[in-house]
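Q: Task: produce atomic coordinates for the following.
(chains A and B)
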Amino acid sequence: MDVLDIARWQFGITTVYHFLMVPLTIGLGILLVVLHTMWVRTDNPEWLRLTRFWGKIYLINFVLGVATGLVQEFQFGLAWSEYSRFVGDVFGSLLALEALLAFFLESTFLGLWIFGWGRIPKKVHLAALWAAVIGSVVSAYFIIAANAWMQHPVGVVADDTTGRPVQMDFLAVLTNNTALAAFSHTIVASLMVAGALLVGVGLYHLRKRKLAGRSAEDVDHRVWHRSVRIGGWVSLAAFVLVALTGDWQGKLMYQQQPLKMSSAEALCETEAPASFSIFAWNKLGSNECDDVHSITVPGLLSFLAHNDFSSEVPGVNQLQEEYSEVYGATYPDDPSRFGNLAGEPIDYQPVLAVTYWSFRLMIGMGAVSAGVAGYALWSTRRGRIPTSRIGVYGSLLAVGAPFVANAAGWIFTEMGRQPFVVVPNPDVAVDEQIWFFTAQAVSPGVTAGEVWTSLIALTLVYGLLAVIEVGLLTRFIRAGITAGDTSPTPVGTGPDDDRREGPDGDAGGAGEDGRERRRPDDDVLQFAY
Amino acid sequence: MDLQTLWFAAVAVLWTGFLLLEGFDFGVAALLPVLGRTPADRHLMLRSIGPLWDGNEVWLITAAGAVFAAFPGWYATWLPALYLPFVLVLLGLIVRAVAFEWRHQSHDARWDSSWTHVITAGSLIAALGVGAALATTTLGLPIDADGIRVGGSLAGVGWTALLGAAAVGAFSVVHGALFLALKTDGDIRLRARAFALRWAPVAALPLLAWALIVHLRYGTPVTAVLWAIAALAVLVTWVRIRVDREGQAFAGWAVMLVSSAATIFGAAYPVVVPSTIDAAFDVTIADASVSDYTLTIMTWVAAVGLPVVLGYQAWTYWVFRKRLTAEPQHEDAPAAGTAPAPGEVPA
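A: Alright, predicted model coming up:
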């Protein structure tokens, strides 16, 4: 492999990995704000337990997201320096603003939240969590606006001498319709991740407690039951919103990146009305569209693209030809900028198998998650507890489904954009368009050995950290609420549970000096440090 | 002042802020095996930086982001030229970050001490690496006319990189000791004070040397004055720590860093990456900068955003302003349910 391929693998691996943590941080953060707010408003110990249990999961996961996010920022400069030079006038400022306006908020106030239990007034402590989570959501907006600009570059003109984009309208970059659609889609997809986790873990504990014959009256039981109910409803509501925002994105994509969407459908020939493919198969190893055969639903694709059942949808073959005509049939013969690809023909069609199946995997896993949420809500209606091994362990397994869906969605949208890294904006006249090929984005001075070294080192470290994170989360989730929270002893027995309930209920409270003096520090220790 | 100069200054301020803040948490982490004799000591040391390190690290993200945003030509020259050293820094920062949060997820002495070592190692790697990177971007990298590195992977790592690594590493260690003297009470405070007293004069040397070299190469009378202030600040630090005035010593050491950084960036201006091959290949702010429109937007956002950030970050420092003391009670906590902490070796 040459530098370009290794650098792409590195970007893909590190980004997909980073985006395993991020949606959980965003989704669980939003739910945590609700849980903590409910506790402050009601003083009900159930909400406190919910806040602290899910809060600890949130923190274990949060830090890995932060740590791996560093690589994301730096690798634009390290491995993609020509890209950084090209897009610098727009892209860099979005990253800098993300750091200034979002990351500071997020990390400063999260530190305050972790260490603030019992040290600062209850409401200020709650406000700290609000600020941190708002920081996460704002950071998502900036980074998605940056990504959306690559998919649909707006607010810029080409510089006469360098050909690079020069920013003319910052507001247009921030209100890019591609960014608004992708941001809303990402946020609700993050809520699906959090919802699935609450459902899976809650059902697991409810079943375990019921089989062990433990009381359905104590706080632990109510906490798990409430986790399932909240998680289930959040998942279902988020699924509806995911579908709506996804539809919005799909329609924009048909205008802005028709080749990506036609590749997602393996639609070879232009059709009117166009049919939606359910399942496709092709000649092994072939990326020729004409080798693909599929089972289809007539007219549905026209609806997805244009909201009616008859409009024409352009096929891959026609689009390929159009792109070749406008953007060139071969890469410019300039090895200093295009490396091995200089003078080679340009394949405007993304890898069909990837776009087609990642698109279906995304939708399918989202649907699985919604189905599990429906099952969870049904099986826990009016205080019922499911004991079905398949149902409960299936739900636990399905915690992974929205993670897979998120990863598949990003793989689809990023690989579907190839061979461009900055896709030409079709709303702009062709001679004023800006585009940049992935092949010319890579750092020219960096050697394959260097990128191999970093790819291997990062993959190994990431792999190791993933094992530890999953191990920590599993152990903590298994231990459950009581053992995982303020008691350093192993899983408590019945009477122990009851004893713990009292002091725990007001552990974070600001009042009651005498007994409190010792507790806040203990709490901090148990909670984070 | 034109916008490019303003943003060069902003970038310099951000890097200085990063060194000033993250410097002490790097230092505390590096001192864990030196000053922390018992698990309780080390726990106390970590608790002193616990609520602060993550906010401090955002200064690095913002500094790097500002380089990218204002001077993509600098970003795209500097980072790939030092590809492997930067990757090493990232790995150090990654393992250090997770170690901070994961260390306490198990009440097992071995688990705890392993992560403590990871924090020390990761912090040291990051401090040395950032120092090397900053020194080479002010003292020179082997780049050609297109800003592309000439030579092998480590062509940029020469004596300048080593000097920078030593400068930031040594600064951070004493900075950490002064921070501990200021923030804790008990044995650690005394040990940290003694450490700072002994090492401050030596630890300032590489940073002062780096600043002096940049000044001698490109400096102005202003940078000469700044350098003299930095040298004087070392003396102030040493004198104040001798009479146990930790706050003043900490401030003196901070002034040393700020004036050294001001000397370095002030003298290097307007060059952002000097070429060791030919001065004609130097990358300047004018070569590397984005459009005035983008700089204007960022100026407005930063003018509003930065004071707010400084305000709430200062406020969290104020919330956690209390001196920390070791809690003997905590030492027992991990032992509950498991064997007595085996990490406790007789002194």
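Q: just the helices in the stretch 1-150 of chain B please.
A: With helices called from DSSP state H, counting those that start in this stretch, the stretch 1-150 of chain B shows them at B:3-35, B:39-49, B:53-70, B:72-81, B:83-102, B:109-139.
Q: Which one of the ones you listed lies nearest to B:A326?
A: The closest of those to B:A326 is helix B:39-49. By CB to CB, the value is 4.7 Å. (Glycine included, C-beta is placed from N, CA and C.)
Q: distance between the closest one and the chain's centre?
A: 20 Å (CA atoms, centre = their mean, to the nearest Å).
Q: Give me the angle between it and helix B:83-102.
A: 110 degrees (axes from the mean of the first three to the mean of the last three CA atoms, to 10 degrees).
Q: counting contacts, what elements does helix B:39-49 pack onto?
A: Secondary-structure packing of helix B:39-49 (3 or more CB pairs under 8 Å, 6 or more residues apart in numbering or on different chains; DSSP states H and E): helix B:3-35, helix B:109-139, helix B:159-183, helix B:187-218, helix B:328-332.
Q: Of those, which stretch is the most buried?
A: Of the helices and strands packed on helix B:39-49, the one with the most neighbours on average (mean count of other CB atoms under 10 Å in any protein chain shown) is helix B:159-183, at a mean of 25.
Q: Could you export the helices and strands packed on helix B:39-49 as CSV, including distance to A:T296?
A: Listed next are those as CSV, based on distance: least, CB to CB, whole Å:
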stretch, distance to A:T296
helix B:3-35, 55
helix B:109-139, 53
helix B:159-183, 60
helix B:187-218, 67
helix B:328-332, 66
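Q: A:G163 and chain B, how far apart?
A: 14 Å (CB to the nearest CB, to the nearest Å).
Q: what do you get for A:N282?
A: In terms of CB to the nearest CB, A:N282 sits 39 Å off from chain B.
Q: pretty sure that residue contacts A:V292?
A: Yes: applying CB atoms under 8 Å, one finds A:N282 in contact with A:V292, separated by 4.1 Å.
Q: For chain B, what's the nearest residue on the stretch 1-150 of chain A?
A: A:G88 (2.5 Å; CB to the nearest CB).
Q: closest to chain A out of the helices and strands packed on helix B:39-49?
A: helix B:328-332 (6.3 Å).
Q: State the mean pLDDT of that closest one.
A: Throughout helix B:328-332, pLDDT has a mean value of 43.
Q: one step back: who touches both of A:N282 and A:V292?
A: In terms of CB atoms under 8 Å, 6 or more residues apart in numbering or on different chains, A:N282 and A:V292 are both contacted by the residues A:266, A:352.
Q: So A:S286: helix, strand or coil?
A: coil (DSSP: H, G, I helix; E, B strand; the rest coil).
Q: tally of neighbours for it?
A: 12 (other CB atoms under 10 Å in any protein chain shown).
Q: likewise A:H293?
A: A:H293, neighbours per other CB under 10 Å, totals 14.
Q: The stretch 251-400 of chain A: helices as residue ranges?
A: A:258-265, A:300-306, A:316-327, A:335-338, A:352-379, A:389-397, A:400-415.
Q: Tell me the helices and strands packed up against the fourth one.
A: The reference is to helix A:335-338. Counting by 3+ CB pairs under 8 Å, 6+ apart, helix A:335-338 packs on no helix or strand.
Q: Tell me which residues of that helix come out buried.
A: A:337-338 (16 or more other CB atoms under 10 Å in any protein chain shown).
Q: Smallest distance to chain A belongs to which residue of chain B?
A: B:P72 (2.5 Å).
Q: pLDDT score assigned to A:T296?
A: 79.
Q: any idea how far A:E269 is from it?
A: 12 Å (CB to CB, to the nearest Å).
Q: Which one of the two is surrounded by more residues?
A: In terms of neighbours (other CB under 10 Å), A:T296 is the more surrounded of A:T296 and A:E269; the figures are 19 against 13.
Q: distance of that one from A:A266?
A: Where A:A266 is concerned, A:T296 sits at a distance of 10 Å (CB to CB).
Q: what residue ranges in the chain score low on pLDDT?
A: In the absence of a named chain, this looks at chain A. A:283-285, A:482-529 (pLDDT under 70).
Q: please go with chain B instead
A: B:327-347.
Q: which residue sits closest to A:V66 in space, ignoring its chain neighbours?
A: B:A97 (6.0 Å; CB to CB, 6 or more residues apart in numbering or on different chains).
Q: Neighbours of the one you found, how many?
A: 25.
Q: I figured it was touching A:G69, is that so?
A: No: counting by CB under 8 Å, B:A97 does not reach A:G69; the two are 9.8 Å apart.
Q: Contacts only, for B:R191.
A: So B:R191 contacts B:L35 (CB under 8 Å, 6+ apart).
Q: and the gap between it and A:W248?
A: 61 Å.
Q: How about B:W115?
A: For B:W115, the distance to A:W248 - CB to CB - is 45 Å.
Q: In chain A, where's the longest helix?
A: Counting residues, the longest helix in chain A under DSSP state H turns out to be helix A:3-42.
Q: Can you point out the buried residues in the helix or strand following that helix?
A: The first helix or strand that comes after helix A:3-42 along the chain, using DSSP states H and E, is helix A:45-78. Judged by neighbour count using 16+ other CB under 10 Å, the buried positions of helix A:45-78 are A:45-78.
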